[in-house]
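> everything below, folded, please.
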Amino acid sequence: MSTPGDLIIFKIADSEFYGEVVGIAEDGKVEVSRLKKTTKQDGRIWEFVEDDQWSAIDNKFITKHVPIPPGSNGNIVAKAWKSIGFLPGGDGMTFCRVEDEDGTTMPVIEYEIDSEDEDGAPSSNPSMHGYESDDFVVPDDEGEVFEFADTSVLEGEEAEWVEETHRAVREFENWSPTDKQGQSIKNYIDQLDRKASIQTDNQRCAKGKASLSTSKPPLQRKRRRDE
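The predicted structure follows:
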């Protein structure tokens, strides 16, 4: 089952395509932002198609599916792209084929994709999402659970920024785009939100805390206890 952020290779009419899953349509088709070959640097540069050119394909056309767990670090993502034959550029939007790396001046991110260095080995704990156990990153089940920022302990620009962000989240929740591009973007972010909400609820439940809707942040500023 494909989920947003996963990578796929699909084949239609003897032509092979590569891309990133951006959503699942109501009819079950996989919505994908595919890569296209450009004329830049003698055709060695690949880029994502425009948002309004996303493809919706049947699962039967997918020949390879590479899942990328939520929260994966750059090394995991780079390995995933390499597994379908590409190296990601520094802007996250441009790519080159693995075999074209030496002849391409694209700012390729230098992840240690082939490194076997034990000092940088990713943790086997799935809650670490591919990060190494170095006491800097903690597993999801050991960290603090998500809470909305409390504006009662903030002042000035900090409080205003939090309130503005909370309003924007609420406004997005009520946004109902009518164009294809807007609908695809809304669907993509909604699916990411659902995954994050489930993860947050599981963490809160394990800590004995009540469920929390990440898409409905508080709009009213809390009163200070000394007011």
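> would you list every one of the helices in this protein?
74-83, 156-173, 180-206 (DSSP state H).
> put together a markdown table for those helices, with mean pLDDT and mean neighbour count on each row.
All C-beta spots, glycine's among them, are computed from the backbone N, C-alpha and C. Shown next, in a markdown table, are those (pLDDT from 0 to 100; neighbours: other C-beta atoms under 10 Å):
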| stretch | mean pLDDT | mean neighbour count |
| --- | --- | --- |
| helix 74-83 | 88 | 18 |
| helix 156-173 | 87 | 13 |
| helix 180-206 | 74 | 16 |
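> for residue 95, which of those is the nearest?
Among those, helix 74-83 comes nearest to residue 95, with 7.0 Å by C-beta to C-beta.
> picking that back up, redo the helices of the chain as a markdown table? Include distance to residue 146.
Below are these laid out as a markdown table (distance: least, C-beta to C-beta, whole Å):
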| stretch | distance to residue 146 |
| --- | --- |
| helix 74-83 | 22 |
| helix 156-173 | 13 |
| helix 180-206 | 5 |
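> right, so of these, which gets closest to residue 147?
That would be helix 180-206 among those, by C-beta to C-beta, at 9.1 Å.
> which secondary structure elements does the closest one contact?
strand 15-24, strand 30-37 (3 or more C-beta pairs under 8 Å, 6 or more residues apart in numbering; DSSP states H and E).
> out of the helices of the chain, which gets nearest to residue 28?
Proximity to residue 28 (C-beta to C-beta) singles out helix 180-206 among those, at 13.3 Å.
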